[in-house]
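S.K.: build me a model from this:
(2 chains)
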Amino acid sequence: NAGVMQNPRHLVRRRGQEARLRCSPMKGHSHVYWYRQLPEEGLKFMVYLQKENIIDESGMPKERFSAEFPKEGPSILRIQQVVRGDSAAYFCASSPSGSYSPLHFGNGTRLTVT
Amino acid sequence: SQQGEEDPQALSIQEGENATMNCSYKTSINNLQWYRQNSGRGLVHLILIRSNEREKHSGRLRVTLDTSKKSSSLLITASRAADTASYFCATAFLNTGANSKLTFGKGITLSVRP
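M.R.: Next comes the predicted model:
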């Protein structure tokens, strides 16, 4: 049973470009979470999705950031017009039943904005 | 603000010693979880303790939960060099049910000297 798959592992974008981060949850998991991690800091919650629905996006910046988890295919975190401050590691996690069960994490996408 | 706050921020011990890490939180929770992160990798779930539980064991790990003090501790016994990693506590709020995010602390850096 494959774990949570994130791609790409590393992504370099110039300021103003778009970044698309993909996450395939574990088989059978319908709950997906996105977190952002800066060096020497913990994980900051961004968004929580179930299939086709955004449950909690309280951690998402109001502009430039969006997320989706379609009926078919991976979850996508999209950052438009990236700025240097968006450079970070972005982690996706999935679970079969929300926060009442352990989250399974991918190895993250490291975004560098030049 | 972060729900979970770990203490100490960094811990350095000799192989074979025990490592104790603490976590405090602010509001009522459904459960508290501990995760481990090796450098450059995603988080790995270690143990989940529910609000009606006081202590849980898993191999060399022992977790306690004191809901009256809103605190938890993670004890790693007979530490090994391979235990070197960052450790995070995460909490699931009670009021919003299973559809709630997991909120992480900033983590504790544990170094185990051979």
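
S.K.: secondary structure class for the spatially most central residue of chain A?
M.R.: The residue lying closest to the centre of chain A (CA atoms, centre = their mean) is residue A:34, at 3.6 Å. What DSSP: H, G, I helix; E, B strand; the rest coil gives for residue A:34 is strand.

S.K.: so is the lowest-mean-pLDDT helix or strand in chain A next to chain B?
M.R.: Lowest by mean pLDDT, DSSP states H and E among the helices and strands of chain A is strand A:53-56, with a mean of 92. Yes - judged by CB under 8 Å from any CB of the partner chain, strand A:53-56 and chain B are in contact via A:55-56. To be clear about C-beta, it is placed using only N, CA and C from the backbone, and glycine gets the same treatment.

S.K.: what's that strand in contact with?
M.R.: Contacting residues not belonging to strand A:53-56 are listed as A:45, A:47-49, A:67, A:69, B:99-101 [CB atoms under 8 Å, 6 or more residues apart in numbering or on different chains].

S.K.: for it, list the C-alpha coordinates in PDB.
M.R.: Only the C-alpha atoms of strand A:53-56 are listed here, as PDB (Å, rounded to 0.1, in the frame of the first residue of the first chain):
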ATOM      1  CA  ASN A  53     -15.200  19.900  -0.500                       C
ATOM      2  CA  ILE A  54     -13.100  22.400   1.400                       C
ATOM      3  CA  ILE A  55     -13.800  21.800   5.100                       C
ATOM      4  CA  ASP A  56     -11.400  24.400   6.700                       C
END
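
S.K.: chain A contacts on chain B?
M.R.: Going by CB under 8 Å from any CB, the residues of chain B near chain A are B:2, B:30-31, B:33, B:35, B:40-45, B:48, B:88, B:90, B:92-93, B:97-107.

S.K.: which of those count as buried?
M.R.: Neighbour-count burial (16 or more other CB atoms under 10 Å in any protein chain shown) applied to the residues of chain B next to chain A gives B:2, B:30-31, B:33, B:35, B:42-43, B:45, B:48, B:88, B:90, B:92-93, B:100-107.

S.K.: that older thread, what strand or helix carries the closest residue to the residue nearest to the centre of chain A other than its chain neighbours?
M.R.: Leaving aside its chain neighbours, residue A:34 sits nearest to residue A:46 (4.4 Å; criterion: CB to CB, 6 or more residues apart in numbering or on different chains). Using DSSP states H and E, residue A:46 sits within strand A:43-50.
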